[in-house]
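A.B. asks: Using only what follows, build the 3D model:
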Amino acid sequence: MQKIDKCNKARINAEHCTCTYSSCPRHGLCCECLHYHRQRSEIPACYFTPEEERTYNRSIEFYCQRRS
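C.D. replies: Reported below is the predicted structural model:
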C-alpha cells in the first residue's frame, strides 16, 4: 500500500496542492510535507504565489523577503 492510500484526505489534498515538484513523494500528504519542510527550516509550496513556488526556494528568508 502506498503512503497516499493510507491518508483518507490525500486525494482531496492533492487536488489543491500547489507544489509543482512533480516527483514529490509527499504530494497530497500535507502533514508529511509540513514536517519535511519544517525540519529543513523551510515553508511548503502552498504558502507561496505560483511565481514564487516555481523558484523552488522554500526558505523562510525568501518568504519574508517577498512579503516585505
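A.B. asks: Confirm residue 64 sits in a helix?
C.D. replies: Yes - checked against DSSP: H, G, I helix; E, B strand; the rest coil, residue 64 lies within a helix.
A.B. asks: Could you give the number of residues near it?
C.D. replies: 10 (other C-beta atoms under 10 Å). Just so you know, the C-beta spots here come from the backbone N, C-alpha and C atoms, and that holds for glycine as well.
A.B. asks: before we move on, what about residue 44?
C.D. replies: For residue 44, the neighbour count with other C-beta under 10 Å is 18.
A.B. asks: List phi and psi for it.
C.D. replies: Recorded main-chain torsions at residue 44 are phi -70, psi 160, according to degrees, to the nearest 10.
A.B. asks: Over to residue 59?
C.D. replies: The phi and psi values for residue 59, taken as degrees, to the nearest 10, are phi -70, psi 150.
A.B. asks: Low-confidence ranges, this structure, go.
C.D. replies: By pLDDT under 70, the low-scoring segments of the chain are 1-5.
A.B. asks: Quick check: longest helix in the protein by residues?
C.D. replies: In the chain, with assignment by DSSP state H, the single longest helix is helix 30-39.
A.B. asks: buried stuff in that helix?
C.D. replies: By 16 or more other C-beta atoms under 10 Å, the buried positions in helix 30-39 come out as 30, 32-33, 36-37.
A.B. asks: Stretch 38-55 too?
C.D. replies: Neighbour-count burial for stretch 38-55 [16+ other C-beta under 10 Å]: 42-45, 47-48, 52-53.
A.B. asks: again, but for stretch 8-27
C.D. replies: Buried, per 16+ other C-beta under 10 Å, within stretch 8-27: 10, 13, 17, 19, 26-27.
A.B. asks: Out of these, the closest to residue 63 would be?
C.D. replies: For these, the residue nearest residue 63 by C-beta to C-beta is residue 19; the value is 14.7 Å.
A.B. asks: OK, contacts around that closest one?
C.D. replies: 27, 33, 44-46, 53 (C-beta atoms under 8 Å, 6 or more residues apart in numbering).
A.B. asks: Show me the two of the buried residues of stretch 8-27 that sit farthest apart.
C.D. replies: With C-beta to C-beta as the measure, no two of these lie farther apart than 10 and 19, at 13.4 Å.
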